[in-house]
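Student: Turn this into a model:
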Amino acid sequence: MTELKIQHLLTLSYLLSKGAKYNYVTLTSSSLGKNIHKSQQAASKHLLEL
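Tutor: Numbers count the residues shown, from 1 in each chain. This is a model prediction of the structure:
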């Protein structure tokens, strides 16, 4: 089991702010990265780890 990290919490909080608790959210790893102040590659990795 992977360890929950602060970076994952940032990603989750962004997704929840976009309504991901109740619906699917369409976004790109690039746009996610910009919003959480990380690279596209880091954002993609966060999504895969979650």
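Student: okay, now S39: neighbour count?
Tutor: For S39, the count of nearby residues is 13 (other CB atoms under 10 Å). Quick note: C-beta positions are derived from backbone N, CA and C, even for glycine.
Student: same check, this time on S29
Tutor: Neighbour count of S29, defined by other CB under 10 Å: 18.
Student: Contacts only, for it.
Tutor: Counting by CB atoms under 8 Å, 6 or more residues apart in numbering, S29 touches Q40, Q41, A43, S44, L47.
Student: residues near the second one, how many?
Tutor: Right, the one you point to is Q41. Using other CB under 10 Å, the number of residues around Q41 comes to 11.
Student: Now S30: which helix or strand?
Tutor: Remark: S30 resides in helix 29-35, with elements defined by DSSP states H and E.
Student: backbone phi and psi for the residue nearest the centre of the chain, please?
Tutor: Centroid-nearest residue in the chain, with CA atoms, centre = their mean: T11, separated by 3.1 Å. Recorded main-chain torsions at T11 are phi -60, psi -50, according to degrees, to the nearest 10.
Student: In space, what's closest to it - neighbours in sequence excluded?
Tutor: Beyond its immediate neighbours in the sequence, the residue positioned closest to T11 (CB to CB, 6 or more residues apart in numbering) is H46, lying 4.4 Å away.
Student: Would you mind confirming that the one you found makes contact with L9?
Tutor: No - with contact defined as CB atoms under 8 Å, H46 does not reach L9; the gap is 10.0 Å.
Student: And these two? Which one has more around it.
Tutor: Shown here are H46 and L9; by other CB under 10 Å, H46 has more neighbours (23 against 11).
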